[in-house]
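Undergrad: With the input below, show me the fold.
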Amino acid sequence: MKVLIANFLFIFFVSIVFAKKTPNFVIMFMDDMGYADIGAFGAKGYPTPHLDRMAKEGRKFTDFYVTQAVCSASRAGLLTGCYNVRIGINGALGPKSSHGLNPEEVTIAEICKEKGYATACYGKWHLGHHHKFLPMQHGFDDYFGLPYSNDMWPYHPGVLHLPMKERLKRWPHLPLIDGNKIINPQVSAEDQEKLTTQYTERAVTFIEKNKDNPFFVYLPHSMVHVPLYVSDKFKGKSGAGLFGDVMMEVDWSVGEIMKVLRKHDLHKNTLFVFTSDNGPWLNYGDHAGSALPLREGKGTMFDGGCREPTLAWWPGTIPPGSECKEPAMTIDLLPTIAKLIDSELPKHPIDGKDISKLLTGNAKSPHEAYYFYYGNQLQAVRQGKWKLHFPHGYRTMAGKPGGTGGIPTNYTQAKIELSLFDLHSDIGETQDLKEKFPKITNRLKSLGENFNQKLQKSKRPAGRI
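TA: Reported below is the predicted structural model:
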């Protein structure tokens, strides 16, 4: 009876809120940000006051995941509500890639467009750089940013020893795009210093322009992906090196979004989500963040690679200073937004589920389990507090320090056998419990194998030029 009453009150409350005005949405998606890189998740070397305020006034998600710990794959999962493997997007697409997000896929932007929303994307796209794959062909009214990662240029550390002619065979010049047009074919270091500010200013202007209409802003920052760049207003300000300076500018960006929403009295009608595409690129050392106390980082499906520092802010709707410890994932954002605005879900299968109750109450995850792939390989399954790893290889720093000054060191290759971890008591995935809990091990193993078999049969192709 208590559950029925709670559900009734939730539905009644949500219906009253949305009867007044359709909510707006802002998703800030960082690049290579570690679990411990913001104040609410343990960062201490530099200040993040706006993110701290976001946590104080909103909800902290302690167990929030991305579909895969690499750039393009992660973005595909967020925007489509699907495991990226289902839609043929793996790894990190580069300037020589001939594929991208299939036009048949439905994005959050398109879900919002069905209800008359203004939509914009400012930042790193990374789902195909050819015209047919760019944001404005996937439901966005406006776009400004880089088509892929900011290190995919002739100043990449791996080619710095070569003459420019040879570098350009590996990495062409990095373009900056406005709408569908390249406005700067050769982004420089000085240009990169301005990106965080430019993305933020474009988002603020878009919000102000659409303050009287519903809007969705997707803000996928290029930072803190290496190479690190920061504007003059934050250079040397953190006292924690370049990474700390960059994080201060990221925090400033969050503050600018919150400020414009309050200025136009939109804060009580806007869901603002802050998260990251994967964990830190650990072999870059002092130019990378921290995933502690989680294991490993970017490029692995241990929690340090795919469990992200996530905050949800919606004053008056999300309880202030609250915390959700239930597992959730970026694939859940599309169906949640669709539910909140009464928009239809895509007609093709998706993997995410509505987690609106996790935003406001003490509900349980609507998922039986979450499934973690790297490439096309199923590597792990999480159900409740349990996470089972299937045998797979992975890269690791193996306790060694990373590089300095933006130059990486090498990873060591390792392998994990079938292993079961209790993430509630062992957040670092260190104690294998499969021998102690064989029934749980077998249950998760069967869950993963059955899901993988079905997914492999129902995959959809990426778009091709």
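
Undergrad: What strand or helix carries residue 337?
TA: Assigned by DSSP states H and E, residue 337 falls within helix 333-340.

Undergrad: which residues does residue 81 contact?
TA: 108, 331, 332, 333, 334, 335, 345, 346, 350, 351, 352 (Cβ atoms under 8 Å, 6 or more residues apart in numbering). Where C-beta positions appear, they are placed from N, C-alpha and C, glycine not excepted.

Undergrad: domains of this protein?
TA: 22-366, 373-464 (automatic domain parsing).

Undergrad: could you redo the ones you listed as CSV and give each row mean pLDDT?
TA: Listed next are these as CSV, based on pLDDT from 0 to 100:
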stretch, mean pLDDT
domain 22-366, 98
domain 373-464, 98
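
Undergrad: Just name the most buried of these.
TA: Of all the domains of the chain, domain 22-366 carries the top mean neighbour count, a mean of 21, counting by mean count of other Cβ atoms under 10 Å.

Undergrad: Start and end of that one, how far apart?
TA: Using Cα to Cα, to the nearest Å, one end of domain 22-366 lies 24 Å from the other.

Undergrad: starting at the chain centroid, how far to that domain?
TA: Here the centre of domain 22-366 is set off from its chain's centre by 5 Å, with Cα atoms, centre = their mean, to the nearest Å.

Undergrad: Sticking with residue 104, tell me its helix or strand.
TA: Counting by DSSP H and E, no helix or strand carries residue 104.

Undergrad: Tell me who's in contact with residue 432.
TA: 419, 420, 421.

Undergrad: Residues contacting whichever strand or helix holds residue 456, please?
TA: Per DSSP H and E: residue 456 is located in helix 438-457. The contact list for helix 438-457 (Cβ under 8 Å, 6+ apart) reads 83, 85-86, 368-369, 371, 376, 378, 380-381, 383, 386, 388, 390, 418, 420, 434.

Undergrad: hang on, residue 68 packs against residue 371?
TA: No: applying Cβ atoms under 8 Å as the test, residue 68 and residue 371 come out as separate, 10.6 Å apart.

Undergrad: hmm, back to that, so of the contacts of helix 438-457, which ones are in strands?
TA: Per DSSP state E, strands hold the following members of those: 371, 378, 380, 381, 383, 386, 388, 420.

Undergrad: beta partners for the second one?
TA: In other words, residue 378. With DSSP bridges as the criterion, residue 378 is bridged to residue 373.

Undergrad: Distance-wise, check it relative to residue 364.
TA: Distance of residue 378 to residue 364, given as Cβ to Cβ, to the nearest Å: 24 Å.

Undergrad: Next up, the contacts around the spatially closest residue to residue 88 that is not a sequence neighbour.
TA: Ranked by Cβ to Cβ, 6 or more residues apart in numbering and with sequence neighbours excluded, the top spatial neighbour of residue 88 is residue 462, at 3.5 Å. Contacts for residue 462 were tallied using Cβ under 8 Å, 6+ apart; they are 87, 88, 89, 99, 100, 101, 102.

Undergrad: likewise residue 406?
TA: Residue 406 neighbours (Cβ under 8 Å, 6+ apart): 157, 226, 227, 228, 284, 287.

Undergrad: With residue 281 instead?
TA: Taking Cβ under 8 Å, 6+ apart, one finds 32, 225, 226, 288, 297, 298, 299, 408 in contact with residue 281.

Undergrad: so the last one makes contact with residue 402?
TA: Put plainly, it is residue 408. Yes: counting by Cβ under 8 Å, residue 408 touches residue 402, with 6.8 Å between them.

Undergrad: Is it possible to get a markdown table of the contacts of residue 432 that adds distance to residue 241?
TA: What follows is these, written out as a markdown table (distance: Cβ to Cβ, whole Å):
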| residue | distance to residue 241 |
| --- | --- |
| 419 | 35 |
| 420 | 38 |
| 421 | 33 |
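
Undergrad: of the residues you listed, closest to residue 57?
TA: Distance to residue 57, by Cβ to Cβ, is smallest for residue 421 among the contacts of residue 432, at 33.0 Å.

Undergrad: ok, now how distant is the closest one from residue 371?
TA: Using Cβ to Cβ, residue 421 is found at 16 Å from residue 371.

Undergrad: try residue 399
TA: From residue 399 to residue 371 the distance is 29 Å (Cβ to Cβ).

Undergrad: so what's the residue nearest the centre of the chain closest to, chain neighbours aside?
TA: What sits nearest the mean C-alpha location of the chain, by Cα atoms, centre = their mean, is residue 277, with 3.1 Å. Distances taken as Cβ to Cβ, 6+ apart place residue 74 nearest to residue 277, at 4.0 Å, with adjacent residues excluded.

Undergrad: give the contact list for the one you found.
TA: 66, 67, 68, 84, 277, 278, 330.

Undergrad: mind giving me JSON lines with the residues you listed and columns for secondary structure and distance to residue 163?
TA: Putting these into JSON lines (DSSP: H, G, I helix; E, B strand; the rest coil; distance: Cβ to Cβ, whole Å) gives the following:
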{"residue": "66", "secondary structure": "coil", "distance to residue 163": "38"}
{"residue": "67", "secondary structure": "coil", "distance to residue 163": "39"}
{"residue": "68", "secondary structure": "coil", "distance to residue 163": "36"}
{"residue": "84", "secondary structure": "helix", "distance to residue 163": "37"}
{"residue": "277", "secondary structure": "coil", "distance to residue 163": "33"}
{"residue": "278", "secondary structure": "coil", "distance to residue 163": "33"}
{"residue": "330", "secondary structure": "helix", "distance to residue 163": "41"}
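
Undergrad: Tell me the bridge partners for the residue nearest to residue 157 when sequence neighbours are not counted.
TA: Nearest non-adjacent residue to residue 157, counting by Cβ to Cβ, 6+ apart: residue 407, 5.3 Å away. Going by DSSP bridges, residue 407 is paired in beta bridges with residue 404.

Undergrad: Quickly note the distance from residue 407 to residue 173.
TA: Taking Cβ to Cβ, one finds residue 407 at 21 Å from residue 173.

Undergrad: Residue 310 now?
TA: Residue 310 is 34 Å from residue 173, by Cβ to Cβ.

Undergrad: would you list every one of the strands in the stretch 201-350 of the chain?
TA: 215-219, 270-276, 307-313, 322-324, 328-329 (DSSP state E, counting those that start in this stretch).

Undergrad: Identify the residues contacting the fourth one?
TA: For strand 322-324, contacts defined as Cβ under 8 Å, 6+ apart pick out 58, 59, 60, 61, 62, 63, 358, 359.

Undergrad: Just the closest of those to residue 198, please.
TA: For the contacts of strand 322-324, the nearest to residue 198 is residue 58 (26.1 Å; Cβ to Cβ).

Undergrad: Quick check: bridge partners of the nearest residue to that closest one once chain neighbours are set aside?
TA: In this structure, residue 58 finds its nearest non-sequential neighbour in residue 313, 3.6 Å apart by Cβ to Cβ, 6+ apart. Under DSSP bridges, the beta-bridge partners of residue 313 are residue 272.

Undergrad: Residue 313 reaches residue 54, doesn't it?
TA: Yes: applying Cβ under 8 Å, one finds residue 313 in contact with residue 54, separated by 4.8 Å.

Undergrad: All set now, cheers.
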